[in-house]
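Student: sequence? don't have it. structure:
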């Protein structure tokens, strides 16, 4: 009896050890775990190369360069999660920045300019949604065309000119700090928004419905999910927040040119996909995306510190985007291969 | 009467009529638009678009999209120009060949990613779009290859005359004919249509999706390679921003030509007429006193309306079919 008991205890101990080991392995091999590990590795490497990397002031100020793209990525999670794509967001920024510059040149105040910027963004998003959901044209085609329409409007009217006159109080949103600290307003604003999006995505039925649509829109429809309405809302949200980003960006650089935010759609999509959201929809969470935002942001900051050219960074972004999609496929294939080998053995 | 109605239903015929009306209208505003020299310039300008749009057509036919065409044009054009710059004695035909092979290689990388990496075409080509563009800068170190660094024979490559037409037009014609033959009468060509029409059904009858993906992206890349050489030699400059935004133009030509953006339907003659339509509009803008800054806006409007009309026509057809069935 006694020996039996100790044996059982021992085996439980072994099991627990195994459990802990498995737990660690499963955390590390999870997408977010890997991202966190990469971030730690990056911090170690950069802080060894240059003393300017791990500096509170630098780390805070560096967020100015990627918080706008980060905010762009939040609603993009919804769009990609439900199996759609929107490559017109950067052009929406150009359009709504143009509208704000126009409003400002007419002598409107800060509050009015901001409202105009966000509204124009929302309208542009609704325009996309109309073509995609009402007329049933694939989102990639619609947003590829509307991209040239939105930026085209700004280009046709501005030509090679720029709006540079903005009210003084307008500059706070993109350049200001929280009073008495070194924390940029944009960073705090992003964190609040991220919390909001996390709540909607993971704690409300709206979020659950997004996953349902992404996994199978037909099945979702049969279960009574208002698929069309939700997809439309996603595109409007995407436009609205592109408008918000336009406010921040215009306020930060203080001018509007037709080529503002060129190529940002690529970066926003990269952030989302690298964050572990499946490009075909239905899989992913917000933690991964937030990690990937800080990973790419600080990676570029570090590369800038050690004098890498902007072109190398563009190449890196492209590589990361493809790798982010390629890696899970390869990992799945390896796992499947292992399983097959295991089955053959037994 | 009925036969005319039947004819009008054909996409290409309607488009050709539209092109003629458009040209006539522009000619009314600005006489001389239809003069021989101007027309040949327009067709010359459009020849490059036609080649690349045919490549894009095959990709769209399978339900994919190739966003990297502009960057492949830039990279292969840059590498061909630099080869010409540093080896002026090399025969131009070899330079053209090398440019084509470079394009083919870049395209087949896209194909590998899509076929074997299972990366969706939009993501794969969105990524390679910036990678190839970045490498163009790396290759050129940010420098341009300008006219006085190119050899005379390189710059004459697209201009050379044969039976009254330039080499550029001849190559577009030749490629179009080859590709029409390929898409209609070869096994691989029909397999591309099959994959676009219904992937599952195509797989069940033994069509290899991997092979088709490799073929379409390689064709698209190779055509971009030729286009890159032609582009840099025609404009006598290889810059890093060559053909930025050209992917939209090629998609526009396809959509205008009646290619279903979701895959499975469309034909090359339509794409060619679609490209000509765009070429005439782009050339007509300055003639009728529109600033060239309007080009992007007008392109967007045209593509959106074309897609809108396409879907509306499809829906009507569907309804008619349903009505007939209920009888």
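Tutor: Okay, I see it. None of the values given here were measured: they were computed from a predicted structure.

Student: nearest residue to the middle of chain B?
Tutor: residue B:53 (1.5 Å; CA atoms, centre = their mean).

Student: what's the nearest residue to that one if we skip its chain neighbours?
Tutor: residue B:253 (4.0 Å; CB to CB, 6 or more residues apart in numbering or on different chains). Where you see a C-beta, it was placed from the backbone N, CA and C, and this is true even at glycine.

Student: contact partners for that neighbour?
Tutor: For residue B:253, the contacting residues are B:49, B:50, B:53, B:56, B:271, B:274, B:275, B:277, B:278, by CB atoms under 8 Å, 6 or more residues apart in numbering or on different chains.

Student: with residue A:24 instead?
Tutor: Residue A:24 touches nothing, counting by CB under 8 Å, 6+ apart.

Student: would you quantify the distance from residue A:245 to residue B:24?
Tutor: Between residue A:245 and residue B:24 the distance is 45 Å, computed by CB to CB, to the nearest Å.

Student: so which of those two has more stuff around it?
Tutor: Shown here are residue A:245 and residue B:24; by other CB atoms under 10 Å in any protein chain shown, residue A:245 has more neighbours (32 against 11).

Student: sort out which residues of the helix or strand harbouring that one are buried, please.
Tutor: Using DSSP states H and E, residue A:245 falls within helix A:227-253. Using 16 or more other CB atoms under 10 Å in any protein chain shown as the test for burial, helix A:227-253 gives A:227-228, A:230-253.

Student: likewise stretch B:100-117?
Tutor: In stretch B:100-117, counting by 16+ other CB under 10 Å, buried: B:100, B:102-115, B:117.

Student: what does stretch B:290-303 give?
Tutor: B:293, B:294, B:295, B:296, B:297, B:298, B:299, B:300, B:301, B:302, B:303.

Student: residue A:102 touches residue A:161, doesn't it?
Tutor: No. Between residue A:102 and residue A:161 there is no contact under CB atoms under 8 Å: 11.6 Å.

Student: do the helix or strand hosting residue A:209 and chain B meet at all?
Tutor: Assigned by DSSP H and E, residue A:209 belongs to helix A:205-215. No. Helix A:205-215 lies apart from chain B when judged by CB under 8 Å from any CB of the partner chain; the minimum separation is 13.8 Å.

Student: show me what secondary structure element comes after that helix.
Tutor: helix A:217-222.

Student: what comes into contact with that next one?
Tutor: A:82, A:83, A:209, A:212, A:213, A:227.

Student: burial measure for the first one, as a count.
Tutor: The number of residues packed around residue A:82, counting by other CB under 10 Å, is 23.

Student: so the residue nearest to the centre of chain B is in which element?
Tutor: Per DSSP H and E: helix B:36-61 holds residue B:53.

Student: distance between that helix and the chain's centre?
Tutor: 6 Å (CA atoms, centre = their mean, to the nearest Å).

Student: and the most centrally placed residue in chain A, what's its pLDDT?
Tutor: Geometric centre of chain A, nearest residue: residue A:73, 2.4 Å, by CA atoms, centre = their mean. The model reports residue A:73 with a pLDDT of 95.

Student: now it: closest residue in space, sequence neighbours ignored.
Tutor: Nearest to residue A:73 is residue A:271, by CB to CB, 6+ apart, at 4.1 Å.

Student: let me see the contact set for residue 233.
Tutor: By default, I'm working from chain A. residue A:129.

Student: switch to chain B, please.
Tutor: B:80, B:81, B:150, B:154, B:155, B:156, B:157, B:158.

Student: and the residues you listed, which are buried?
Tutor: B:80, B:81, B:150, B:154, B:155, B:157, B:158.

Student: can you tell me what sits against stretch A:100-110?
Tutor: Against stretch A:100-110 from outside (CB under 8 Å, 6+ apart): A:112-114, A:116-117, A:120, A:162-163, A:165-167, A:169-170, A:246-247, A:250, A:255-256.

Student: now the helices for chain B?
Tutor: In chain B, the helices defined using DSSP state H lie at B:2-9, B:11-29, B:36-61, B:69-86, B:92-115, B:121-140, B:152-156, B:167-185, B:187-197, B:199-204, B:209-234, B:246-256, B:268-287, B:295-326.
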